[in-house]
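Q: Give me the fold of what follows.
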Amino acid sequence: MGFLGEYEYKVDAKGRIPLPPKYRKDFAGGIVLNMGVEECINVYPLQVWERIAEQYDSGPIAPSKTRQRARAIFATAFEQELDDQGRIMLPQPLRQHAGIKDSLVILGANKYLEIWDKKSWEKQKSEVRKEAWQIYESVENK
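A: Sure, this is the predicted structure:
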């Protein structure tokens, strides 16, 4: 079973947030955060991130688009560890990207978590709900 659900938190004065307690064991080996495609932060267990990184290993001289993709993915990534209270630091560049100032939502996205500014997530969730039937119909049954 992957990561599921929505969890609301606030950023503390030092820029830290807790991860949902039920998923902390999944991140005990390390965490990688990077910019999501939308205005969110992706949170990967280190072992999942390592598999992603292997997919982008293109050898010594990569084509231009491959180099650009690698920069977009890896230059915006930050390695973290859980502290004793199960919290992680949200680096400022990632907080700016996601527009997170105070209230946020952590949501399960199967193999990783996403962190959204609460207002941005509410807007995104509303849009997804309006188009849910189209989204479900566009997914092929396997």
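Q: now Leu33: how far from Glu131?
A: To Glu131, Leu33 is 28 Å away according to CB to CB, to the nearest Å. No exception for glycine: its C-beta is placed from N, CA and C like everyone else's.
Q: which of these two has more neighbours?
A: Shown here are Leu33 and Glu131; by other CB atoms under 10 Å, Leu33 has more neighbours (23 against 10).
Q: Secondary structure of that one: a strand, I assume?
A: Yes. Leu33: assigned to a strand according to DSSP: H, G, I helix; E, B strand; the rest coil.
Q: Show the contacting residues for the residue nearest to it when sequence neighbours are not counted.
A: Nearest-residue entry for Leu33: Phe78, 4.9 Å, with adjacent residues in sequence omitted and distances by CB to CB, 6 or more residues apart in numbering. By CB atoms under 8 Å, 6 or more residues apart in numbering, the residues touching Phe78 are 32-34, 91, 94.
Q: Out of these, which is nearest to Lys119?
A: Leu94 (17.2 Å; CB to CB).
Q: which residues of the chain fall in helices?
A: Assigned by DSSP state H, the helices in the chain fall at 46-55, 64-74, 92-98, 118-130, 132-138.
Q: Please produce a ChimeraX select command covering the buried subset of the contacts of Phe78.
A: Command for ChimeraX that selects the buried part of those, burial taken from 16 or more other CB atoms under 10 Å:
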select :32,33,34,91,94
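Q: List just the nearest of the contacts of Phe78 to Leu46.
A: The closest of these to Leu46 turns out to be Val32 (CB to CB; 6.1 Å).
Q: separation between Cys40 and Tyr23?
A: For Cys40 relative to Tyr23 (CB to CB), the value is 17 Å.
Q: Between the two, which has more neighbouring residues?
A: Cys40 (26 against 18).
Q: Look at that one and report its pLDDT.
A: pLDDT recorded at Cys40 is 97.
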